[in-house]
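Novice: Quick one: sequence and predicted model below, then my questions.
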Amino acid sequence: MPEVIIVGGGMVGLSLSLMLAKAKIKVKLLEAIKYPAETNQTLLEYHSSFDARNSALSRRSIGIYQQLGLWSLLQQHATPILEVQITEQGSFGHATLRAQEEHVESFGQVIENAWLGRVLLQEVRRSEYIELLDAIEVITLTQDQSRVQVTAIQADQSMTFDAPLVIAADGRDSKCRQLLGVGASHHDYEQVALVTTVQTSKPHQHIGFERFSPIGPLALLPLPGDYRRSVVWPVKKGEAEQWLGEENDDHFLAALQHAYGDRAGRFEKTAPRFCYPLSQVLADKQAVGRVVLMGNAAHTLHPVAGQGFNLCLRDADVLVRYLTSHLQQHEDIGTPSVLLAYEKSRLKDQQRVIRFCDSVVKGFSNHHPILKLARNVGLLAFDRIPGIKPLVANYAMGLKA
Ligand SMILES: Cc1cc2nc3c(=O)[nH]c(=O)nc-3n(C[C@H](O)[C@H](O)[C@H](O)COP(=O)(O)OP(=O)(O)OC[C@H]3O[C@@H](n4cnc5c(N)ncnc54)[C@H](O)[C@@H]3O)c2cc1C
């Protein structure tokens, strides 16, 4: 019998199931899509663990994967960020953060999601503590005083499972959140993130760029291979279409070049572009009886600062600590008061990250000349005021939680 049912095997569900397995807790993991076979490298569109995205992992997240014994494998497709440069197109303000000056090895590492997904899935399949069922969709969820019941459909067959604890990691539009009757606040940024990988004529030297352009805040992060960079470019809805499709490769490269200038040299090649609609979705509650909402189901953020998944991993890490320490003294892993205590303990970190991401998006999307001047002065001050950079750097690295 599983002690925990996890609904949703995205980046969060897969990672969390491995954390629980490490603590010798039995997990049943239910995932709606059919995962690729182990040898099949085909990328799935719109699945965080296997699609074309790359994720900036904070030092704390790397530490979590080190504890799981996975970092040596993950590292093969990851590259460190040694410097971060923040600029605004057409402005004088700029700021630079250097790992060496902050006395850290790096600010984190950029990993290809497709590789992260493959490694996580492989480990999940190997684990004796995890039973993985894919191509199965959860459709009902009810609970009584001691158990949670879940009904799911697989190939037209209905199945019922139950466990003392259910963790819902079923994404932004969480079905479980709806089934629990938990509301959520939605804010549509009216943007989509244009995501791809490009090759530049200058090596990246492990520098990450955040460039605030009139089209949208453009992030260029180093990838394995000296000349490959990950692009995340949130643009207004309706503007992305002109850059999609192979026939628009040159047009897209020219737009990037224009927004970036020649800091990265020439933008020479691009992979296909994918679009992700951007919104902020925050659940009103995260612990309801014996069910906890995790990952995007609990909080979906704008990717501007690469914080969303890092925050989710910190949540998962803390939840596992709460569960294991409770299990040492009691038998009931789903004790509602423990789940509420977990939720309470996470609010401060979550709210700080949510406010930070939202204010960066809003602060840099207003093109009023006075606000632009204020941003420039702010960036310059940031670059010069002693003591401020270590604070921001620590925060971005996820060291404070
Ligand atoms: C463009 C972009 C770039 C980003 N870059 C970064 C970054 O650099 N760093 C960072 O920290 N974060 C980043 N993020 C955020 C990060 O991608 C998310 O935090 C992460 O994907 C959340 O994963 P999840 O597992 O919670 O949700 P999802 O990836 O949505 O997974 C949910 C899973 O649940 C399954 N599911 C749904 N409903 C059911 C059901 N009824 N039954 C069974 N299964 C179900 C789905 O099939 C899916 O597999 C980025 C996000 C975007 C959009």
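Specialist: Nice, thanks for sending it over.
Novice: Spell out the residue ranges of the helices in this protein.
Specialist: 11-22, 59-67, 71-74, 113-126, 175-180, 249-260, 308-329, 336-363, 369-384, 388-396 (DSSP state H).
Novice: can you redo the ones you listed as TSV with mean neighbour count and mean pLDDT?
Specialist: No exception for glycine: its C-beta is placed from N, CA and C like everyone else's. As requested, the helices of the chain are exported to TSV (neighbours: other C-beta atoms under 10 Å; pLDDT from 0 to 100):
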stretch	mean neighbour count	mean pLDDT
helix 11-22	25	98
helix 59-67	20	95
helix 71-74	16	95
helix 113-126	20	94
helix 175-180	20	98
helix 249-260	17	92
helix 308-329	20	95
helix 336-363	16	90
helix 369-384	14	53
helix 388-396	16	57
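Novice: closest to residue 156 out of those?
Specialist: helix 175-180 (18.0 Å; C-beta to C-beta).
Novice: The helices of the chain: which one's closest to residue 148?
Specialist: Distance to residue 148, taken as C-beta to C-beta, is lowest for helix 175-180 among those, at 10.0 Å.
Novice: got the helices of the chain as TSV, with distance to the ligand columns?
Specialist: Output for the helices of the chain, formatted as TSV (distance: least, C-beta to the nearest ligand atom, whole Å):
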stretch	distance to the ligand
helix 11-22	3
helix 59-67	7
helix 71-74	14
helix 113-126	8
helix 175-180	4
helix 249-260	16
helix 308-329	3
helix 336-363	10
helix 369-384	21
helix 388-396	11
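Novice: tell me, what residue is most central in the chain?
Specialist: For the chain, the residue nearest the mean C-alpha position is residue 309 (2.5 Å; C-alpha atoms, centre = their mean).
Novice: isn't residue 265 right up against residue 200?
Specialist: Yes. If you go by C-beta atoms under 8 Å, residue 265 and residue 200 touch, sitting 4.9 Å apart.
Novice: Pick out whichever of the two has more residues nearby.
Specialist: Shown here are residue 265 and residue 200; by other C-beta atoms under 10 Å, residue 200 has more neighbours (23 against 15).
Novice: measure that one to residue 259 for me?
Specialist: As judged by C-beta to C-beta, to the nearest Å, residue 200 and residue 259 stand 13 Å apart.
Novice: can you check residue 182 too?
Specialist: According to C-beta to C-beta, residue 182 stands 40 Å off from residue 259.
Novice: Pull out the buried residues from stretch 22-31.
Specialist: Within stretch 22-31, the residues that qualify as buried are 25, 26, 27, 28, 29, 30, 31, counting by 16 or more other C-beta atoms under 10 Å.
Novice: Between the residues you listed, which sits nearest residue 274?
Specialist: Nearest to residue 274 among the buried residues of stretch 22-31, counting by C-beta to C-beta, is residue 31 at 20.8 Å.
Novice: For the stretch 51-200 of the chain, what lies in contact range of the ligand?
Specialist: Residues of the stretch 51-200 of the chain lying close to the ligand (C-beta under 6 Å from any ligand atom) are 53, 55, 56, 137, 138, 169, 170, 171, 172, 175, 193, 195.
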